[in-house]
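>>> I need the structure of the sequence given here:
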Amino acid sequence: MGFWAALAEQGWDARTPFIVLAFLVVRVLVSRAKGVERYHMRAATTLLIGHLISVLVAAAQAAGDYDPHTAEISTLAFELLLIVNLGTTAAFRVLLPRVGFVLPRIMIDLVTAVGVLVVFIVVGKKAGFSIAGLITTSAVLTAVIGFSLQDTLGNVMGGLSLQLDKSVKVGDWITLGAGQPTGKVTEIRWRYTAIETRNWETVIIPNGSLVKSQVTILGQRIGEPTQLRRRLEFFVDFRTPPTEVITAVTAALVEPVPNMATEPAANVVFYGVRDSFAVYEVRYWLTDLNVDDGTDSAVRIRIWFALRRAGIPLSIPASSVFLTHETTERDARKQSEDLAERLAALSAVDLFRGLSPELRENLAAHLIPMPFARGEAVCREGDNDDGLYMLVHGDAAVRIGKGREERQVALLHAGQFFGEMSLMTGEARTATVVAATDLVTYRVTKAAFQLVLRDTPQIADQIAEILVQRKNALTAVRDERDDQHRNRMQTAKQDLLGKIRGFFGINDAH
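All right, here's what the predicted structure looks like:
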């Protein structure tokens, strides 16, 4: 028999054309699938090459009148191993995931191992080995290996149990307790489970240890979204009433920072007193467990600004001693600089330009510094707040509407102001103003401005005229006749003047 005839006969007997066709089909499926590990096809390629080489050797032996039995056994072994490889790859890694059914990796490896065992039994029987003797020998060998590899087998069985009961899954954030690493599960293998920590470390935990330990899965509760409660301490002078601290900080956290859950809402707890300071704790829920430190920092910034606005100092350790050389000249210079900044802010507001220098200085002394962190709401639409805000540093966004209908209509800069209608008439806020950057403002309250009106009630008439001009500048119709416009201005002025007098309790007799 010639070589080519022997090659055709051996190839057909070994089902080589069908094997090659199956290999090509699976290769196309794998190339179009997403997330399939390519090394499975490299293993299949190696097995196919081994099969083809065995067919060539068997054909050469048959052509040379040699017994091709050994080569045929090798051909069969490569053929069956290739079928197992292609079958598990196509079924478990390509087709089933497309319909939403994903088997754990260990289960796929287990099915593959069973298939390989069956192949060895079939090939061994074909080669004339005694299966009964092999099983007896294997049992003794398995017992010896089992005693020597108890820990390894424990890890293997632990990994299998983790995959089967799905108590710990890839993507979970876990910790094994105090002093143990905390990280995100990236893979569960036969021997170990790998977690990645926030420090860019990969920790390998033997599965045997994992199944024997108490494992805490972070941020998970049945039927609830993934979120983890964070606890941040801050310290305040013990003489400050706790209700003031809790109210100030809670109000600052109504508008959540990025990656903070809105439900449950953040809360503030008075923890107690240590030495010379009171201990408070902010508790909020983190929605992205990857960014804990950055979110904690944003919350601490909110706390700092909230305390500054409320005039509540952070605690100073009792052991600290601050020595400052205080002089009359230094105090006078600081007071002069502060007064100049307040007067400059008042001068930018046209409502107060008609005041005498003495009244402006009196009002400046009652201005309240109000800092805000970026993203905080200075006031909200519909709030009953009688304060006017003057922007000293930073920008503020003016928004109207609520929820999805909320939109920005203006951006205020340093030197501008808002809230004059609420100050002068007590009307509810018509817009929400949010700090677009870290913001420093001065707030003028009704009580402060009432001191000015008490001395010069006639100033209310001038202010009403300015307010109506600002209001009509936004609503006047361009094609109105001048006399109609003057009538509307006069009517609006009288209406505003009545509201101002009623709000501040000014009698017409003044």
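
>>> List the buried residues for stretch 251-263?
The neighbour-count check on stretch 251-263 (16 or more other C-beta atoms under 10 Å) flags 251-253, 255-257, 259-261 as buried. For the C-beta atoms, the positions are set from N, CA and C on the backbone; glycine is no exception.

>>> Among the residues you listed, find me the one that's closest to D383.
If you rank these by distance to D383 using C-beta to C-beta, A251 comes first, at 11.6 Å.

>>> May I ask which helix or strand encompasses the closest residue to the closest one other than its chain neighbours?
Leaving aside its chain neighbours, A251 sits nearest to A306 (7.0 Å; criterion: C-beta to C-beta, 6 or more residues apart in numbering). Under the criterion of DSSP states H and E, A306 resides in helix 292-309.

>>> Beyond that helix, next helix or strand please.
Assignment by DSSP H and E places the next element after helix 292-309 at helix 328-347.

>>> continuing past that next one, what's the next helix or strand?
helix 357-364.

>>> if we can go back for a sec, can you name the residues that contact the residue nearest to A251?
248-249, 251-252, 373 (C-beta atoms under 8 Å, 6 or more residues apart in numbering).

>>> Please list the members of these that lie in strands.
Using DSSP state E, no member of the contacts of A306 falls within strands.

>>> Mind putting those residues into JSON lines with distance to L314 and pLDDT?
Formatted as JSON lines, those follow (distance: C-beta to C-beta, whole Å; pLDDT from 0 to 100):
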{"residue": "A248", "distance to L314": "12", "pLDDT": "93"}
{"residue": "V249", "distance to L314": "12", "pLDDT": "95"}
{"residue": "A251", "distance to L314": "18", "pLDDT": "92"}
{"residue": "A252", "distance to L314": "14", "pLDDT": "93"}
{"residue": "A373", "distance to L314": "15", "pLDDT": "89"}
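
>>> R380: how many residues sit nearby?
17 (other C-beta atoms under 10 Å).

>>> list the contacts for the closest residue to it other than its chain neighbours?
In space, and not counting its chain neighbours, R380 is closest to T432: 4.9 Å by C-beta to C-beta, 6+ apart. Counting by C-beta under 8 Å, 6+ apart, T432 touches 377, 379-381, 398-400, 406.

>>> let's see it at 6 Å
380-381, 399 (C-beta atoms under 6 Å, 6 or more residues apart in numbering).

>>> Same check on H51?
Here H51 is in contact with 78-79 (criterion: C-beta under 6 Å, 6+ apart).

>>> right, and the helix or strand after the host helix or strand of it?
Assigned by DSSP H and E, H51 belongs to helix 39-63. Using DSSP H and E, the helix or strand that follows helix 39-63 towards the C-terminus is helix 69-88.

>>> pLDDT on that next one, on average?
Helix 69-88 shows a mean pLDDT of 82.

>>> How about stretch 214-224?
Averaged across stretch 214-224, pLDDT comes to 87.

>>> now do stretch 329-342
Here the average pLDDT along stretch 329-342 is 84.

>>> So for it, what gets flagged as buried?
Buried residues in stretch 329-342, defined by neighbour count with 16+ other C-beta under 10 Å: 341-342.

>>> Find the centremost residue of this structure, please.
Nearest residue to the geometric centre of the chain (C-alpha atoms, centre = their mean): D288, 3.3 Å.

>>> show me the contacts for that one.
Taking C-beta under 6 Å, 6+ apart, we find D288 in contact with N259.

>>> hmm, back to that, can you tell me how far the residue nearest to A251 is from A396?
17 Å (C-beta to C-beta, to the nearest Å).

>>> Using CSV, write out every CA atom in stretch 456-470.
Provided in CSV are the C-alpha atoms of stretch 456-470 (Å, rounded to 0.1, in the frame of the first residue of the first chain):
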residue,chain,number,x,y,z
THR,A,456,-34.6,106.0,59.3
PRO,A,457,-38.0,104.5,58.3
GLN,A,458,-38.2,106.8,55.3
ILE,A,459,-35.5,104.7,53.7
ALA,A,460,-38.2,102.0,53.0
ASP,A,461,-39.6,104.3,50.3
GLN,A,462,-36.3,104.4,48.4
ILE,A,463,-35.8,100.6,48.8
ALA,A,464,-39.3,99.9,47.5
GLU,A,465,-38.5,102.0,44.4
ILE,A,466,-35.3,100.1,43.8
LEU,A,467,-37.0,96.7,44.3
VAL,A,468,-39.8,97.5,41.8
GLN,A,469,-37.2,98.7,39.3
ARG,A,470,-35.4,95.4,39.5
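
>>> Let the chain start at 38 from now.
Sure thing, new numbering starts at 38, so read that last one as stretch 493-507.

>>> What average pLDDT does it get?
On average, stretch 493-507 scores 72.

>>> quick one: low-confidence parts of the protein?
Applying pLDDT under 70 to the chain flags the ranges 38, 71-77, 139-143, 166-194, 200-201, 354-363, 507-547.

>>> tell me the domain boundaries of it?
Residue ranges for the domains of the chain, per automatic domain parsing: 40-185, 202-254, 265-346, 392-489, 494-547.

>>> can you put those in a markdown table and add distance to V386?
Listed next are the domains of the chain as a markdown table, based on distance: least, C-beta to C-beta, whole Å:
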| stretch | distance to V386 |
| --- | --- |
| domain 40-185 | 61 |
| domain 202-254 | 49 |
| domain 265-346 | 20 |
| domain 392-489 | 5 |
| domain 494-547 | 10 |
